[in-house]
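Asks: Provided below are the primary sequence and the corresponding predicted coordinates.
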Amino acid sequence: MGKMQVTLTVNSKREELLVEPRELLIHVLRERLGITGPHIGCETSHCGACTVDMNGKSVKSCTVFAAQADGAELITIEGLGAPGGLHVLQRMFKEHHGLQCGFCTPGMITRAWRLLQENPDPTEEEVRFGIAGNLCRCTGYQNIVKAVLAAAAELNAAREAAQ
């Protein structure tokens with residue numbers, strides 16, 4: 001089977017490219033589009049370093065063929081926040097020391113972003129459950145959970161103030 005034409009919208013930018021049917025989304029993002037926030041970790045969907053948001057759901061891009069993503073809206077860590085500024089989750093990870101080596105951080109923040117879209121006011125237990133598919137070898141998760149809860153509180157306060 002030959003190459004296939006796919007159209008992706010990545011971080012609000014439309015991309016059209018030819019892909020091999022077996023080409024993984026993570027490789028297209030990193031190698032073809034230069035979007036290097038999602039990391040290649042285990043390549044088996046266990047670690048979550050490659051997590052991106054696809055059509056309103058968190059997916060592990062190491063287990064999605066680019067052809068399966070044809071027509072999809074994708075958001076990566078690069079698509080969060082305003083240009084030149086940090087998203088509140090990114091800022092809270094920094095302020096609450098929710099990262100150490102940083103390898104898991106893009107996937108973790110992208111997953112946390114979707115979690116807060118689905119549940120704007122999660123409990124600690126809901127955060128822990130919500131990020132369970134993303135592994136971190138450095139932090140022990142305590143500060144990651146604190147960062148997500150702090151981001152939720154700030155986002156909720158901003159929403160209330162806007163009403």
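Replies: Looks like it came in fine.
Asks: use CA for all of it now, contacts and neighbours both
Replies: Will do.
Asks: Tell me the secondary structure at the most centrally placed residue in the chain.
Replies: Taking CA atoms, centre = their mean as the criterion, Thr110 is the residue nearest the geometric centre of the chain, at 2.4 Å. Under the three-state scheme (DSSP: H, G, I helix; E, B strand; the rest coil), Thr110 adopts helix.
Asks: And Arg14, by the same measure?
Replies: strand.
Asks: So it is in contact with Asp70, correct?
Replies: No. The pair Arg14 / Asp70 is not scored as a contact, 11.2 Å apart, by CA atoms under 8 Å.
Asks: quick revisit: isn't the residue nearest to the centre of the chain right up against Met54?
Replies: No. Judged on CA under 8 Å, Thr110 makes no contact with Met54 at a distance of 10.7 Å.
Asks: any common contacting residues for those two?
Replies: Ile75 (CA atoms under 8 Å, 6 or more residues apart in numbering).
Asks: Which elements pack onto the single longest helix found in the chain?
Replies: If you go by DSSP state H, the chain has its longest helix at helix 142-162. In terms of contacts (3 or more CA pairs under 8 Å, 6 or more residues apart in numbering; DSSP states H and E), helix 142-162 is packed against helix 88-95, helix 124-130.
Asks: any chance of the ones you listed in JSON lines, plus mean neighbour count?
Replies: Formatted as JSON lines, the helices and strands packed on helix 142-162 follow (neighbours: other CA atoms under 10 Å):
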{"stretch": "helix 88-95", "mean neighbour count": "20"}
{"stretch": "helix 124-130", "mean neighbour count": "15"}
